[in-house]
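Participant: fold the following for me, if possible:
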Amino acid sequence: MFGEEYVEYDGRERLEEQYPDFKHLSDWELPEDYRSEVAKEFAEMYVSELNDKLGLKMELTKESVESPREYNFTNDQVICYVEVGDWDEYTRKIISLMSELDIRVELAKIIKENHSDRPGFWSWMSNDIEDWFGAIIDPDNTNYLECVLWYLYCLKTQESISGDGDWGMADQIYEELSCSRDTMTLVPTTDEAKEELDAYFKEQERLEALRNQPTIPGL
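Facilitator: Numbers count the residues shown, from 1 in each chain. Prediction:
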């Protein structure tokens, strides 16, 4: 949804409709801060939603985008750095949420389904919820905690675990960035493209001035 090539392709299609006579639309690209802006929006909403739905008090301190060398095994990731206050109190809260009867049953199923080895996939994580209760208290290995926070959030909100539901967090962020901000708006990046756009605006100003000229009766 947020891949630069897809966003730019859609953006250029809209530009072709808006500026059908332009010769340099291939020189329009996303703003340089596109990735950092998407990461910021994701991180802020994610932490806010977890705090709200799970009753936590995490404070986002910074965020970054981590890109793999090869895309065969993983996508880009938004890394959130958070402060949680007292670690023991924080993990006790998570364990309490995991222990709620209706949550625990569903969570055990999710863990079994998503963390069991199968052909072509090695989990490297336990598929037994009992092991997760002990694993999440280790501050030096947050893999289990990162997963369980998302699973708990989805169970509380009925969002799809895989993030491909009808209307989830990613869709909300996409709408915010595409409709309310300039984050996903392509901009001209070469002198030729900039000059073409500037000439277009000057011509629009000239035409507007002609339309606004006063009409002299009898002429």
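Participant: number of residues surrounding W87?
Facilitator: Using other CB atoms under 10 Å, W87 has 10 other residues around it. Yep, even glycine has a C-beta here, placed from its N, CA and C like the rest.
Participant: how close does the closest residue to it other than its chain neighbours sit to Y90?
Facilitator: What sits nearest to W87 in space, not counting adjacent residues and going by CB to CB, 6 or more residues apart in numbering, is P139, at 5.8 Å. Distance, P139 to Y90, using CB to CB, to the nearest Å: 10 Å.
Participant: which of these two has more residues huddled nearby?
Facilitator: More crowded of P139 and Y90, by other CB under 10 Å: Y90, with 20 against 12.
Participant: list the contacts of that one.
Facilitator: With contact set as CB atoms under 8 Å, 6 or more residues apart in numbering, Y90 has these partners: 56, 84.
Participant: in the one helix or strand it maps to, what counts as buried?
Facilitator: Element membership for Y90, per DSSP states H and E: helix 87-99. Residues 90-91, 93-94, 97-98 are the ones in helix 87-99 that count as buried (16 or more other CB atoms under 10 Å).
Participant: CA atoms only for that helix, dumped as PDB, please.
Facilitator: Written as PDB, here are the backbone C-alpha positions of helix 87-99 (Å, rounded to 0.1, in the frame of the first residue of the first chain):
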ATOM      1  CA  TRP A  87       9.300  -2.700  33.400                       C
ATOM      2  CA  ASP A  88       7.900  -5.200  35.900                       C
ATOM      3  CA  GLU A  89       4.700  -3.300  36.200                       C
ATOM      4  CA  TYR A  90       4.400  -3.000  32.500                       C
ATOM      5  CA  THR A  91       4.900  -6.700  31.800                       C
ATOM      6  CA  ARG A  92       2.500  -7.600  34.700                       C
ATOM      7  CA  LYS A  93      -0.100  -5.600  32.800                       C
ATOM      8  CA  ILE A  94       0.600  -7.500  29.600                       C
ATOM      9  CA  ILE A  95       0.400 -10.900  31.400                       C
ATOM     10  CA  SER A  96      -2.900  -9.800  33.000                       C
ATOM     11  CA  LEU A  97      -4.300  -9.100  29.600                       C
ATOM     12  CA  MET A  98      -3.100 -12.400  28.200                       C
ATOM     13  CA  SER A  99      -4.700 -14.200  31.100                       C
END
